[in-house]
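J.: Dropping a prediction and its sequence here:
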Amino acid sequence: MPPTTAYALTMMAAGVGIPILAALNAQLGVRIGSPVAAAAILFCVAFTAASITVLLHGPAPLAKAIHAPKYLFLAGLLVLFYVLSVTFVAPKFGIGNAIFFVLLGQLISAAVIDHFGLFGARLNPLSLNRTIGIALMSAGVYMAQKA
């Protein structure tokens, strides 16, 4: 299998997981009466799984983290914001509606990041074809949600 196919399938699987994560954690938040506690539980499970994975692959890269630019650690706050917001909003707004707006935000931010090569991303300027493609994807997501 070509690497690009493997990458695409991996990211598709990650995409499949996002609404499942939203639905599961939203229900946990409802059942225990606290979206914040549900998020904390999710992160405890994730931390445990990630820690086991690091130990299995060798913890040496962790020592290099101290030398990484500090702004890179903001990713943890962004994932916290995502989990808290989807855990709180999805039961009230619907999983589909919540994920629709997540996808719309992803399309916009990904285009900006790629266009300017932000955060070390590969530069991929926003061409007319790419703009039309993003607009069509956005319209498709909207139509799928409104169907």
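T.: Thanks, I have it. Numbers count the residues shown, from 1 in each chain.
J.: Based on its surroundings, how many neighbours for residue 117?
T.: 12 (other Cβ atoms under 10 Å). Just so you know, the C-beta spots here come from the backbone N, C-alpha and C atoms, and that holds for glycine as well.
J.: can you tell me the helix or strand for the residue lying closest to it once chain neighbours are set aside?
T.: Counting by Cβ to Cβ, 6 or more residues apart in numbering, residue 117 lies nearest to residue 123, which is 3.8 Å off, once chain neighbours are set aside. Here residue 123, judged by DSSP states H and E, is contained in no helix and no strand.
J.: And the helices in this structure?
T.: Per DSSP state H, the chain has helices spanning 3-32, 35-57, 60-64, 74-93, 95-116, 128-146. These are given in chain order.
J.: For the fourth one, the averaged confidence score.
T.: Which is helix 74-93. Averaging pLDDT along helix 74-93 gives 95.
J.: same question, stretch 50-61
T.: 92.
J.: residues touching the closest residue to residue 42 other than its chain neighbours, list them.
T.: Among residues not flanking residue 42 along the chain, residue 25 sits closest, at 5.4 Å (Cβ to Cβ, 6+ apart). Contacts for residue 25 (Cβ atoms under 8 Å, 6 or more residues apart in numbering) come out as 38-39, 42, 83, 86-87.
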